[in-house]
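Chemist: I'd like to go over a predicted model; first the sequence, then the structure.
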Number of protein chains: 2
Amino acid sequence: MKRSLADKIEQYLKVLIDRSEENRIEIQRSELAETFSCVPSQVTYVISTRFTEQDGYITESRRGGKGYVRIARYNLPHDTENLNDLFYYSNYLTRNKLISSQENELLTYLLLHAFNQFPCETQEKIFEGIKTALNEYVKTESKGG
Amino acid sequence: MKRSLADKIEQYLKVLIDRSEENRIEIQRSELAETFSCVPSQVTYVISTRFTEQDGYITESRRGGKGYVRIARYNLPHDTENLNDLFYYSNYLTRNKLISSQENELLTYLLLHAFNQFPCETQEKIFEGIKTALNEYVKTESKGG
DNA sequence: CATCCTTTGACTTTGTTTGACTTTCATTTC
DNA sequence: GAAATGAAAGTCAAACAAAGTCAAAGGATG
């Protein structure tokens, strides 16, 4: 099996993602092109044919000075600090009857399903926002009734 | 993550705002430019591209001696289609006993409070994600028990 | 040899940095 | 108090830096 340049670049990127902390990498198209001694649009080709949403990847990019291409793999279960914090917190609130187990269930479901489309960074912020709001919610509830 | 000078200045300002009491800061353009060893118009560029009203910021400034630039972050009033949809949908589910009124209450609270920090566009996406997930949640619930 | 995938490069678009020039305002000077 | 001065901030366009697009050419594969 002969491997094309595109295959090699694909492999290279996937290894990088495997090794990354958050299943996401950030590269510079022109830099990578230089590494593989090819034209930059070759990289674009690889990304657009092998890192599609279908394949379980989300890509973002920015042009201009200090531009980049980000590739995130999202199929794997997200296992972020903030999310675990939130599960823990939500369960804690439930045990202490500050929220009902139904509320806990809904929240858990949403956390697992509603935000997968976003890049990790955004997810973190979302979870943070929810945590803060949840905290306020509990305080308000127990005060008001 | 490669960050351009503009990114760094943006970050710097946002940290300052975070640390501020009233979500507002007052800087001197030329001073900041000096801090980052760049031309003053770079600061103008950053402010005009990253602290727009869309992004949830209001800026004021004054020229001449004792000049300043003020940046204030405000909570975006979310009054989007999707949000209203979601309220409607959530209430509908409640009336039809597909979710409890407690769940409805929690959801409503989160929708109103957890995502104000995000730009409108992101909020829209968040609401969309929540709506989809909520829909699945209800289906799953009624199926499973 | 026909089709599909890959490679290449010219051109476009987007985003950043810089600097020359303009406007506005407070302060000083007459 | 009006005019001059200087200290800010604003404007705008050019130069630069990166990624995207697209189509043509080149190869592999059936």
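Modeler: Thanks, I have it.
Chemist: show me which residues of stretch A:107-121 are buried.
Modeler: A:Leu107, A:Thr108, A:Tyr109, A:Leu110, A:Leu111, A:His113, A:Ala114, A:Phe115, A:Phe118, A:Cys120 (16 or more other CB atoms under 10 Å in any protein chain shown). From N, CA and C alone the C-beta is placed, and that goes for glycine too.
Chemist: close to chain B, is that stretch?
Modeler: Yes. Stretch A:107-121 reaches chain B (CB under 8 Å from any CB of the partner chain) through A:Leu107, A:Tyr109, A:Leu110, A:His113, A:Ala114, A:Phe115, A:Asn116, A:Gln117, A:Phe118.
Chemist: closest to A:Arg19 out of the buried residues of stretch A:107-121?
Modeler: Distance to A:Arg19, by CB to CB, is smallest for A:Cys120 among these, at 15.8 Å.
Chemist: what comes up buried for the lowest-mean-pLDDT helix or strand in chain A?
Modeler: Lowest by mean pLDDT, DSSP states H and E among the helices and strands of chain A is helix A:120-144, with a mean of 82. Applying a neighbour-count criterion of 16+ other CB under 10 Å, one finds A:120, A:123-131, A:133-134, A:137-138, A:141 buried in helix A:120-144.
Chemist: sorry, back to before: among the residues of stretch A:107-121 next to chain B, which are in helices?
Modeler: A:Leu107, A:Tyr109, A:Leu110, A:His113 (DSSP state H).
Chemist: check contacts around the first one.
Modeler: Right, the one you point to is A:Leu107. By CB atoms under 8 Å, 6 or more residues apart in numbering or on different chains, the contact list for A:Leu107 reads A:Leu86, A:Ser90, A:Ile99, A:Ile130, A:Leu134, B:Leu106.
Chemist: counting neighbours, what do you get for the first one?
Modeler: Translated: A:Leu86. Counted with other CB atoms under 10 Å in any protein chain shown, the neighbours of A:Leu86 add up to 20.
Chemist: ok, the residue nearest to A:Glu136 when sequence neighbours are not counted to A:Leu134 distance?
Modeler: Nearest residue to A:Glu136 in three dimensions, chain neighbours excluded: B:His113, at 6.3 Å (CB to CB, 6 or more residues apart in numbering or on different chains). Using CB to CB, to the nearest Å, we find B:His113 at a distance of 9 Å from A:Leu134.
Chemist: rewinding a little: tell me the one of the residues of stretch A:107-121 next to chain B nearest DNA strand C?
Modeler: Of all the residues of stretch A:107-121 next to chain B, A:Phe118 has the smallest distance to DNA strand C: 18.3 Å, by CB to the nearest atom of the strand.
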